[in-house]
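Asker: Following is a predicted model, sequence given first.
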2 protein chains.
Amino acid sequence: MSLFADRLAEAVRQRGLLCVGIDPRFDMLPVAYQKFAPAVAIEAFSLKVLELVRPFSGVVKPQAAFFELIGPDGMAAMQAVLKRARELGFVTILDAKRGDIASTATAYAEAAFSQSVWNADALTVNPYLGQDAVEPFITTARRSTPRRGLFVLVRTSNPGGGLFQNALADGLPLYRRVAMEVNSWNEGGLGECGLGDVGAVVGATHPKELAELRAAMPNVWFLIPGYGAQGGTADDVRAGILPSSLGAVVNSSRGVVFPFQPNDSDWETKIIDAAKKAQAELRG
Amino acid sequence: MSLFADRLAEAVRQRGLLCVGIDPRFDMLPVAYQKFAPAVAIEAFSLKVLELVRPFSGVVKPQAAFFELIGPDGMAAMQAVLKRARELGFVTILDAKRGDIASTATAYAEAAFSQSVWNADALTVNPYLGQDAVEPFITTARRSTPRRGLFVLVRTSNPGGGLFQNALADGLPLYRRVAMEVNSWNEGGLGECGLGDVGAVVGATHPKELAELRAAMPNVWFLIPGYGAQGGTADDVRAGILPSSLGAVVNSSRGVVFPFQPNDSDWETKIIDAAKKAQAELRG
């Protein structure tokens, strides 16, 4: 399967809608891990999480910020985690929310997709800089081997996300204008599953907008954050899912990765239980 | 001087408005540097550029994308370049255009400002995610020692930047709404120079909007990209400068850092001449 959309469809068919967000925060790690240097600790913990959640999820989303916070060694840990995730068969979404113009955007995209750098299957992208800022990401994703995907921020899950995203422009909120562009970009990369390679980030915390955006972008993969710790429920995300049971992956980070206290000895069981429960809830 | 705005003012008073953008592209380096591994080459070249431009500029802006493109070793090179720039007395702006929510935004800000990670004086930030996404950056900048600054993307220099930024919302283009927020955030961090710690990125390629935004954000530091290689002239940027000769730094990346071909033996002289010329043009 050379197309990102089809690889993601296969992962969802096999394991369901759950995407596990890998947000390794040093001070939340099990105490045994906190004895090591931060880069060593977050890498080892993240690799363990990959193993534990593998039966319940086909998609993982490492959060670049928590690796960057450790510096260059943390970025090396991120590279190792992405590599191992690929080896385990996960579809990998690098959540770095990059955005820049021209050759700088191309450099970010090449870093995300190059086999010698992050080698992720997909990257999250910020659209504020406009069409000619997103296009280098699309071009680079489509000329990579295998072909990669993007998730463009459309409507984010945070309480204040509407400040600019909901601004009414010619009667349409800005997020709808971004959605129109995403829908159009996506048409150029449809796979056999009927969906494409330019996805949309749409928060679970806005169920009404999720339904509206599903209708506005019928062939677009959604990455839905905000489920679990941020307050979105499995019911809240239903509107994002197509009748084919495809069309969306639903991210849980803290809810699945940190359902324990650092001193808990049964933290592995707690992660397994949280992942199993999330998978089942999202299937229900 | 503990406030970012005052450190930037001092740099501009001493050396003028020029900010040199450090965008080390491996295939544009002098041939002698291209014999080394990419991370070694871009670090060595960037350190040399710092020395060469020091008499003509008090501010440098490393572009994270070109370091990230080399992977973890490239990020280590970025760290070394930022460290050396500080030692040489430059005010450093890390151009990474970060943007995320809540604790993830805090992680990016801590990475940017922590003495053990990038330790930059300022960071560029994308506002699309709204107020509660920008606030963790502001909070972290203000509690760092010394206090740091931000430059929020308002009106970018690329031809397609207007697609969303110019969308008219209640009669006001989106970039003006972003400017109103920046102006308000900035009021909380004014220094002795009368300017604050939440700056705005406003492209030199839109002189009319630059004048409009100068009026809308009277106490805000501007970072003006698009001068030089992107087509903006010294005349185009005048509207961004205050009567005090403060208020803006004007970035040139390729124009100052790559005014030569890889085979040119006199590339050092060409960089010195380009920096000297840019400094003089912007003073004129």
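Answerer: Okay, I see it.
Asker: only C-alpha atoms for contact and neighbour calcs from this point on.
Answerer: Fine.
Asker: What ranges does the stretch 151-284 of chain A have for its strands?
Answerer: A:168-169, A:172-173, A:198-202, A:222-224, A:248-252 (DSSP state E, counting those that start in this stretch).
Asker: from the chain's centre, how far out does the first one sit?
Answerer: It stands for strand A:168-169. Relative to the centre of its chain, strand A:168-169 is centred 28 Å away, using Cα atoms, centre = their mean, to the nearest Å.
Asker: before we move on, what about the last one?
Answerer: For strand A:248-252, the distance between its averaged C-alpha position and the chain's averaged C-alpha position is 7 Å (Cα atoms, centre = their mean).
Asker: ok, and what's touching it?
Answerer: Strand A:248-252 is contacted by residues A:12, A:17-21, A:59, A:61, A:221-229, A:237, A:240-242 when judged by Cα atoms under 8 Å, 6 or more residues apart in numbering or on different chains.
Asker: Spell out the secondary structure type for residue A:112.
Answerer: With DSSP: H, G, I helix; E, B strand; the rest coil as the basis, residue A:112 sits in helix.
Asker: Quick one: neighbours of it, just the number.
Answerer: 30 (other Cα atoms under 10 Å in any protein chain shown).
Asker: check contacts around it.
Answerer: Contacts for residue A:112 were tallied using Cα under 8 Å, 6+ apart; they are A:94, A:118, A:119, A:120, A:122, A:123.
Asker: filter these by proximity to chain B?
Answerer: Restricting the contacts of residue A:112 to those near chain B by Cα under 8 Å from any Cα of the partner chain leaves residue A:118.
Asker: okay, the contacts of residue A:112 in JSON lines with secondary structure next?
Answerer: Shown next, in JSON lines, are the contacts of residue A:112 (three-state DSSP):
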{"residue": "A:94", "secondary structure": "strand"}
{"residue": "A:118", "secondary structure": "coil"}
{"residue": "A:119", "secondary structure": "coil"}
{"residue": "A:120", "secondary structure": "coil"}
{"residue": "A:122", "secondary structure": "strand"}
{"residue": "A:123", "secondary structure": "strand"}
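Asker: Taking the contacts of residue A:112, please make a PyMOL selection of just the buried ones.
Answerer: Typed into PyMOL, the line below selects the buried ones among the contacts of residue A:112, using 16 or more other Cα atoms under 10 Å in any protein chain shown:
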select buried, chain A and resi 94+118+119+120+122+123
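Asker: before we move on, the earlier item: from the contacts of strand A:248-252, list the buried ones, please.
Answerer: A:12, A:17-21, A:59, A:61, A:221-228, A:237, A:240-241.
Asker: which residues sit in contact with the residue lying closest to residue A:197 once chain neighbours are set aside?
Answerer: Excluding its sequence neighbours, the residue lying closest to residue A:197 (Cα to Cα, 6 or more residues apart in numbering or on different chains) is residue A:149, at 4.7 Å. Contact analysis of residue A:149 by Cα under 8 Å, 6+ apart lists A:4, A:5, A:121, A:122, A:123, A:138, A:141, A:142, A:197, A:198, A:199.
Asker: Swap in 10 Å and give it another go.
Answerer: Residue A:149 makes contact with A:3-5, A:8, A:93, A:113, A:120-124, A:137-138, A:140-142, A:186, A:189, A:196-199, A:221, according to Cα atoms under 10 Å, 6 or more residues apart in numbering or on different chains.
Asker: what's the answer for residue A:224, then?
Answerer: Taking Cα under 10 Å, 6+ apart as the test, what residue A:224 contacts is A:17-19, A:155-157, A:200-205, A:210, A:232, A:237, A:240, A:248-252.
Asker: Also residue A:24?
Answerer: Applying Cα under 10 Å, 6+ apart to residue A:24 gives the contacts A:38-39, A:41-43, A:45-46, A:49, A:62-67, A:78, A:253-254, A:257-258.
Asker: switch the cut-off to 7 Å
Answerer: Counting by Cα atoms under 7 Å, 6 or more residues apart in numbering or on different chains, residue A:24 makes contact with A:42, A:46, A:66.
Asker: Assign it to helix, strand or coil.
Answerer: Classification of residue A:24 using three-state DSSP returns coil.
Asker: How about the backbone phi and psi for it?
Answerer: Residue A:24 adopts backbone torsions of phi -80, psi 110, taken as degrees, to the nearest 10.
Asker: Quickly note the distance from it to chain B.
Answerer: Using Cα to the nearest Cα, to the nearest Å, residue A:24 is found at 11 Å from chain B.
Asker: List, one by one, the residues from the stretch 1-150 of chain A near chain B.
Answerer: A:65-66, A:68-73, A:75-76, A:97, A:99, A:101, A:104, A:107-108, A:110-111, A:117, A:128-132 (Cα under 7 Å from any Cα of the partner chain).
Asker: Sort out for me which of the residues you listed are in strands.
Answerer: Of the residues of the stretch 1-150 of chain A next to chain B, the ones assigned to strands by DSSP state E are residue A:97.
Asker: Would you pull up how far the strand or helix carrying residue A:150 lies from the middle of the chain?
Answerer: Assigned by DSSP states H and E, residue A:150 falls within strand A:149-155. Here strand A:149-155 shows a centroid-to-chain-centroid distance of 9 Å under the convention Cα atoms, centre = their mean.
Asker: ok, now stretch A:184-197?
Answerer: Counting by Cα atoms, centre = their mean, stretch A:184-197 comes out at 18 Å from the chain centroid.
Asker: got a list of contacts for it?
Answerer: Residues contacting stretch A:184-197 (Cα under 7 Å, 6+ apart): A:3, A:4, A:5, A:6, A:9, A:149, A:150, A:198, A:219, A:220, A:221.
Asker: What about these, which one has the most neighbours?
Answerer: The most crowded member of the contacts of stretch A:184-197, judged by other Cα under 10 Å, is residue A:198 (33 neighbours).
Asker: List the contacts of the nearest residue to residue A:111 once chain neighbours are set aside.
Answerer: Once flanking residues are discounted, residue A:111 sits nearest to residue B:69: 4.5 Å by Cα to Cα, 6+ apart. Counting by Cα under 7 Å, 6+ apart, residue B:69 touches A:107, A:108, A:110, A:111, A:117.
Asker: Next one: residue B:69 from residue A:123, what distance?
Answerer: From residue B:69 across to residue A:123, the span is 14 Å (Cα to Cα, to the nearest Å).
Asker: same thing with residue A:186?
Answerer: 14 Å.
Asker: can you list the weak-confidence ranges in chain A?
Answerer: Scanning chain A for pLDDT under 70 picks out A:1.
Asker: Tell me where it has helices.
Answerer: Secondary structure of chain A, counting by DSSP state H: helices at A:4-15, A:38-53, A:64-68, A:72-87, A:102-113, A:131-143, A:162-165, A:174-186, A:207-216, A:234-237, A:254-257, A:267-283.
Asker: Could you check the angle the longest one makes with strand A:248-252?
Answerer: Helix A:267-283 and strand A:248-252 are oriented at 150 degrees to each other (axes from the mean of the first three to the mean of the last three Cα atoms, to 10 degrees).
Asker: Distance from the chain centre to helix A:267-283, please.
Answerer: For helix A:267-283, the distance to the chain centre is 18 Å (Cα atoms, centre = their mean).
Asker: In that helix, which residues are buried?
Answerer: A:267, A:268, A:270, A:271, A:272, A:273, A:274, A:275, A:276, A:278, A:279, A:282.
Asker: what's the answer for the fourth one, then?
Answerer: Of the residues in helix A:72-87, those buried by neighbour count under the rule 16+ other Cα under 10 Å are A:72-86.
Asker: could you check the angle helix A:38-53 makes with it?
Answerer: Using the same axes, to 10 degrees: helix A:72-87 against helix A:38-53 is 20 degrees.
Asker: I'd like to know which elements helix A:72-87 is packed against.
Answerer: Counting contacts by 3 or more Cα pairs under 7 Å, 6 or more residues apart in numbering or on different chains; DSSP states H and E, helix A:72-87 is packed against helix A:38-53, helix A:64-68, strand A:91-98, helix B:72-87.
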